[in-house]
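> take a look and give me a structure for this.
(one chain, ligands or ions: 2)
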Amino acid sequence: MSLEVSDLRIEIGGRPVVDGVSFVVPDGARVGIIGESGSGKSLTALAILGLLPDGVRASGSVRWNGREILGLPDRELARLRGDDIGMVFQEPRTALNPIRTVGRQIGESVRIHERVSRREALVRAVAEAERVALPDPERIVSRYPHQLSGGQRQRVAIAMALACRPRLLIADEPTTALDVTIQAGVLALLRTFVQDAGMSLVFITHDLAVLAQVATHAVVLEKGRVVEQGGVADLLRAPSSPVTQALLRDATATLWHPERSHPSISDAVAVAVDDAPTLAPARGSSLDAAVAGGDDTAPPPGPAEPDATDPERTP
Ligand SMILES: Nc1ncnc2c1ncn2[C@@H]1O[C@H](COP(=O)(O)OP(=O)(O)O)[C@@H](O)[C@H]1O
Ligand SMILES: [Mg+2]
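Numbers count the residues shown, from 1 in each chain. Ligands and ions are numbered 1, 2, ... in the order given. Next up is the predicted model:
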């Protein structure tokens, strides 16, 4: 189940905002798309999903499993999104319906894929909530989105995306709106899921430190064009474009241990991705949390209030 994007071009009012973007996501691969704000990351994701806003035109080719999906009719795209390709966006509020319980919403995702009763779907929703490490799943399924913290809402959105058992997950800055200590937990969750299910992942971020925690390959965008792509370990070790070099400086002072040299990319990637404690910690980076094994699922002490600004408070 591979995704192949070739010469993707996206225009808004005749102005190209994505221009000649090509990359491949082989079966089971985890590819990060990285670039500064406005570089065309989200539009690229939306074009793949067939969700570009009105007035935004895409040309080129997007193949899923060899089949051209760019320009498919809405009905077929909707089926594809329910069956094969899941998505998670930056702000979980937009994915969630404010007037339905989270259990019902996760259950509806289950029902897109499987013929089960509403009641059975709710039972399944509890299991799905448990899988994404939501605290007290049986209780939380009866809550409404506003009663959850930001991190919990994003876990619900991830549960909804994964309940359809997609083969590819596209996540657009899924942790950017979250507190730094919460990020690491959500990233670890995503990576574990994708790995265990043998799914593919397209992960969008502007933060190389975040990308290194989930992706094995990266595509670097600047002003709608690919300026560099390759293994994450290579990019960390020897970024060739000025953009990547700047992203690396932004990410952390010392993301990479210069004294460790890795003979093969897979080794290096294993270090970059799976062995966070060997990365030198930098103040205030999400790597701190990864190194500390930041756990965002335990509700912190203090008065309970459903406040979105607080990371993981259970009301
Ligand atoms: N609906 C839209 N209407 C007009 N311009 C848009 C729209 N969406 C995105 N753009 C422009 O397209 C470019 C790429 O946007 P986007 O893909 O959202 O960037 P990124 O996700 O990398 O921050 C930006 O210059 C942005 O201003
Ligand atoms: Mg974006």
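> burial check on D7, number of neighbours?
11 (other Cβ atoms under 10 Å). Backbone N, C-alpha and C define where each C-beta goes, glycine included.
> please read the previous query as pertaining to S240.
S240 has 13 nearby residues by other Cβ under 10 Å.
> check contacts around it.
E228 (Cβ atoms under 8 Å, 6 or more residues apart in numbering).
> quick one: T101 and S142 touch, right?
Yes - contact criterion Cβ atoms under 8 Å: T101 and S142 qualify, at 5.5 Å.
> looking only at neighbour counts, state which of these two leads.
Per other Cβ under 10 Å, whichever of T101 and S142 has more neighbours is T101, with 18 against 13.
> quick check, pLDDT for A127.
Predicted confidence (pLDDT) for A127: 94.
> apologies, that question was intended for L287.
So L287 comes in at 34 (pLDDT).
> start the count at 32 instead of 1 going forward.
Taking 32 as the first residue, the last one we looked at is L318.
> domain parsing for this structure?
According to automatic domain parsing, the chain comprises the domains 34-115+197-323, 123-195.
> check the ones you listed for me: which has the lowest mean pLDDT.
Minimum mean pLDDT among these: domain 34-115+197-323, a mean of 83.
> from the chain's centroid, how far away is that one?
Centroid separation between domain 34-115+197-323 and its chain, computed with Cα atoms, centre = their mean, to the nearest Å, is 8 Å.
> that one and ligand 1 in contact?
Yes - using Cβ under 6 Å from any ligand atom, domain 34-115+197-323 reaches ligand 1 at 43, 48, 66, 68-74, 84, 87.
> just the buried ones from the residues you listed, in PyMOL syntax?
Restricted to buried positions by 16 or more other Cβ atoms under 10 Å, the PyMOL selection for those reads:
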select buried, resi 48+66+70+71+72+73+74+87
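> and the residues of domain 34-115+197-323 next to ligand 1, which two are the farthest apart?
By the measure Cβ to Cβ, G66 and P84 form the most distant pair in those, at 19.6 Å.
> now do the contacts for the residue nearest to V56 when sequence neighbours are not counted.
In space, and not counting its chain neighbours, V56 is closest to L34: 4.1 Å by Cβ to Cβ, 6 or more residues apart in numbering. Counting by Cβ under 8 Å, 6+ apart, L34 makes contact with 55-56, 79, 93-95, 199, 231, 233.
> now do the biggest helix by length in the chain: which elements does it pack against?
In the chain, taking DSSP state H as the definition, the longest helix is helix 211-228. Contact partners of helix 211-228 among helices and strands, from 3 or more Cβ pairs under 8 Å, 6 or more residues apart in numbering; DSSP states H and E: helix 181-194, strand 199-203, strand 231-236, helix 239-245, helix 317-323.
> and the ones you listed as JSON lines, adding mean neighbour count?
Listed next are the helices and strands packed on helix 211-228 as JSON lines, based on neighbours: other Cβ atoms under 10 Å:
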{"stretch": "helix 181-194", "mean neighbour count": "26"}
{"stretch": "strand 199-203", "mean neighbour count": "24"}
{"stretch": "strand 231-236", "mean neighbour count": "26"}
{"stretch": "helix 239-245", "mean neighbour count": "26"}
{"stretch": "helix 317-323", "mean neighbour count": "21"}
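> in what helix or strand does the residue in the chain that ligand 2 sits nearest to lie?
As assessed by Cβ to the ion, ligand 2 sits closest to S73 within the chain, at 3.2 Å. Assigned by DSSP states H and E, S73 falls within helix 72-80.
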